[in-house]
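K.L.:
The sequence and its predicted three-dimensional model are supplied below.
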Amino acid sequence: MKTDVVFTFIGDDKQGLVESISRIVNENHGNWLASRLSQLAGKFAGIIQVEVDDNEVEALTDSLKKLQGMGLTIVIEKDKKGSGPFSLQTRRLTLLGLDRPGILRDVAHALAGQGINVLELDTRIVKAAMTGKPMFDATAIVEYGVDTDHAQLTEDLDRISTSLGVDIELSEET
């Protein structure tokens with residue numbers, strides 16, 4: 001049987017962190033499935049999903065904990081592979097508008113109100129082409145049941161789009 005090990009880490013950005021982590025995963029017979037790694041404000045952080053045989057989980061987690069000696073903060077979670085819901089669909093949600101507090105909160109509230117799960121979220125501040133003003137730019141991959149009320153979701157997103165003066169689009173994932 002296989003287990004998914006998902007771990008996060010954060011620490012000072014320095015050369016060789018990804019190599020150290022990938023070596024530990026490989027030495028413990030893990031299969032690196034997915035990750036999001038990024039350098040922000042001099043820190044390097046990430047979340048990684050690894051698949052490993054049940055009998056290798058403890059050795060992998062013990063080895064990952066040793067990274068704390070390199071100055072990393074590590075959080076590790078384990079989950080047995082199982083069958084999840086099959087009646088789910090994914091969509092890409094994009095958002096762009098003048099930056100202001102509350103944009104993400106209001107969109108997340110509307111999504112949660114419809115039972116929509118955010119799988120991935122990337123945000124950044126960009127400059128508007130003509131004015132140079134700060135624009136909030138977000139892209140999310142969302143997941144929800146096939147029975148989700150699309151009319152209500154569209155209405156919620158349109159209301160938020162109008163009230164915040166942002167463009168919100170929900171489209172097929174590409």
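P.N.:
That came in fine, so what should we check first?
K.L.:
quick one: Asp99 from Ala112, how far?
P.N.:
Look at Asp99 and Ala112: by Cβ to Cβ, to the nearest Å, they are 22 Å apart. In short, each C-beta sits where N, CA and C put it, glycine included.
K.L.:
swap that for Leu17, sorry
P.N.:
From Leu17 over to Ala112 (counting by Cβ to Cβ), the distance is 34 Å.
K.L.:
what about those two, which has more around it?
P.N.:
Shown here are Leu17 and Ala112; by other Cβ atoms under 10 Å, Leu17 has more neighbours (20 against 11).
K.L.:
so what's the residue lying closest to the more buried one once chain neighbours are set aside up against?
P.N.:
Among residues not flanking Leu17 along the chain, Phe44 sits closest, at 5.7 Å (Cβ to Cβ, 6 or more residues apart in numbering). Shown in contact with Phe44 (Cβ atoms under 8 Å, 6 or more residues apart in numbering): 10-14, 17, 37-38.
K.L.:
Please identify which helix or strand holds Phe44.
P.N.:
Per DSSP states H and E: Phe44 is located in strand 43-53.
K.L.:
Just grab the bridge partners of the spatially most central residue of the chain for me.
P.N.:
Nearest to the mean C-alpha position of the chain, counting by Cα atoms, centre = their mean, stands Glu120 at 3.6 Å. Glu120 has the following beta-bridge partners by DSSP bridges: Ile141.
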